[in-house]
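>>> Fold the following.
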Amino acid sequence: MFVVGASYLSLLQAVAAKCALPYASLLCEAADDGSVLCGIEIELPLLNLQQTYHGNYFSGHAQKQDL
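As a prediction, the model looks like this:
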C-alpha cells in the first residue's frame with residue numbers, strides 16, 4: 001500500500017512501530033517565531049553487548065497533517 005501526502009515524520013513513526021523498535025518517541029515544540037518543530041527519536045537494537053546505546057533523532061518543521 002502506498003499513501004500519498006504522508007509526512008516523513010509519520011512514516012518514520014510507522015516504521016518504528018512496524019519494526020518493534022525498543023524505543024521511539026515523537027517530540028513537538030513551538031519555536032519563538034511561532035513555527036512548530038517536530039521530531040522522532042528512535043533507539044536501534046544493539047547487535048552485541050559490547051556496543052553502547054546509540055539514539056537517532058530526526059526533526060523538521062511540522063506539516064499540518066503532523067499535528
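
>>> Report the mean confidence score over the helix or strand harbouring A24.
Assessed by DSSP states H and E, A24 sits inside strand 23-30. The average pLDDT for strand 23-30 rounds to 79.

>>> What is it packed up against?
With contacts taken as 3 or more C-beta pairs under 8 Å, 6 or more residues apart in numbering; DSSP states H and E, strand 23-30 sits against helix 8-18, strand 36-43. Backbone N, C-alpha and C define where each C-beta goes, glycine included.

>>> and the angle for it with helix 8-18?
Interaxial angle of strand 23-30 relative to helix 8-18 (axes from the mean of the first three to the mean of the last three C-alpha atoms, to 10 degrees): 160 degrees.

>>> Report the strands that pair with strand 23-30, each with its relative direction.
Here strand 23-30 has these sheet partners by DSSP bridges: strand 36-43 (antiparallel).

>>> Tell me the buried residues in the strand it pairs with?
Going by neighbour count (16 or more other C-beta atoms under 10 Å), the buried part of strand 36-43 is 38-42.

>>> quick revisit: using PDB, write out the CA atom coordinates for the strand holding A24.
Output of strand 23-30 as PDB, limited to C-alpha atoms (Å, rounded to 0.1, in the frame of the first residue of the first chain):
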ATOM      1  CA  TYR A  23      12.200   3.000  22.000                       C
ATOM      2  CA  ALA A  24      10.500   5.600  19.800                       C
ATOM      3  CA  SER A  25       9.300   9.000  20.900                       C
ATOM      4  CA  LEU A  26       7.600  11.800  18.900                       C
ATOM      5  CA  LEU A  27       8.500  15.200  20.100                       C
ATOM      6  CA  CYS A  28       6.900  18.600  19.200                       C
ATOM      7  CA  GLU A  29       7.700  22.100  20.400                       C
ATOM      8  CA  ALA A  30       6.900  25.700  19.300                       C
END
